[in-house]
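A.B. asks: give me a 3D structure for the following:
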Amino acid sequence: MLALLERPQDWRYGYELMERTGIASGTLYPMLIRLCDQGKLEARWIASPHEGRPPRHAYRLTPSGLALACAVATNEDPSITIGKGFAS
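C.D. replies: Take a look at the predicted model:
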């Protein structure tokens, strides 16, 4: 989630997040799905710029996800607990 905080308005591909965080796809994608289900991320399909390639899923922080990521990054709220499936 903090990897998305660097450019919160930009759509980021799952593969880019894997490279940035070092989290394996089998762990990262379930986290992204859970964060979308919790309303912390939004997702959409983006057409590939390369002809013949399928569209790719991209993610970005929602306003509530941005607030949570900022709080985690600055440790403003010590009562925040990062539960299972929370991608930092």
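
A.B. asks: with adjacent residues omitted, what lies nearest to Leu35?
C.D. replies: On the basis of Cβ to Cβ, 6 or more residues apart in numbering, the spatially nearest residue to Leu35 that is not a chain neighbour turns out to be Leu41, at 4.3 Å. Every C-beta, even on glycine, is put in place using the N, C-alpha and C of the backbone.

A.B. asks: give me the pLDDT for the one you found.
C.D. replies: The pLDDT attached to Leu41 in the predicted structure is 95.

A.B. asks: ok, it - how many residues close by?
C.D. replies: Number of residues near Leu41 (other Cβ atoms under 10 Å) recorded here: 23.

A.B. asks: pretty sure it contacts Leu4?
C.D. replies: Yes - using Cβ atoms under 8 Å, Leu41 is in contact with Leu4, at 7.4 Å.

A.B. asks: common neighbours of the two, please.
C.D. replies: Residues touching both Leu41 and Leu4 by Cβ atoms under 8 Å, 6 or more residues apart in numbering: 59-61, 65.

A.B. asks: narrow those to those in helices?
C.D. replies: When the shared contacts of Leu41 and Leu4 are checked against helices (DSSP state H), the matches are Gly65.

A.B. asks: quick check: pLDDT value at Leu61.
C.D. replies: Leu61 carries a pLDDT value of 95.

A.B. asks: who's in contact with it?
C.D. replies: Contacts for Leu61 (Cβ under 8 Å, 6+ apart) come out as 1, 4-5, 8, 40-42, 69.

A.B. asks: quick one: it from Arg12, how far?
C.D. replies: 9 Å (Cβ to Cβ, to the nearest Å).

A.B. asks: anything in contact with each of these two?
C.D. replies: Between them, Leu61 and Arg12 share the contacting residues Leu4, judged by Cβ under 8 Å, 6+ apart.

A.B. asks: burial of Leu17, as a residue count?
C.D. replies: Applying other Cβ under 10 Å, I find that Leu17 has 22 neighbouring residues.

A.B. asks: element containing it, please.
C.D. replies: Leu17 is part of helix 14-21, with elements assigned from DSSP states H and E.

A.B. asks: skipping adjacent residues, who's closest to Ala47 in space?
C.D. replies: Using Cβ to Cβ, 6+ apart and skipping the chain neighbours, the partner closest in space to Ala47 is Pro55 (5.0 Å).
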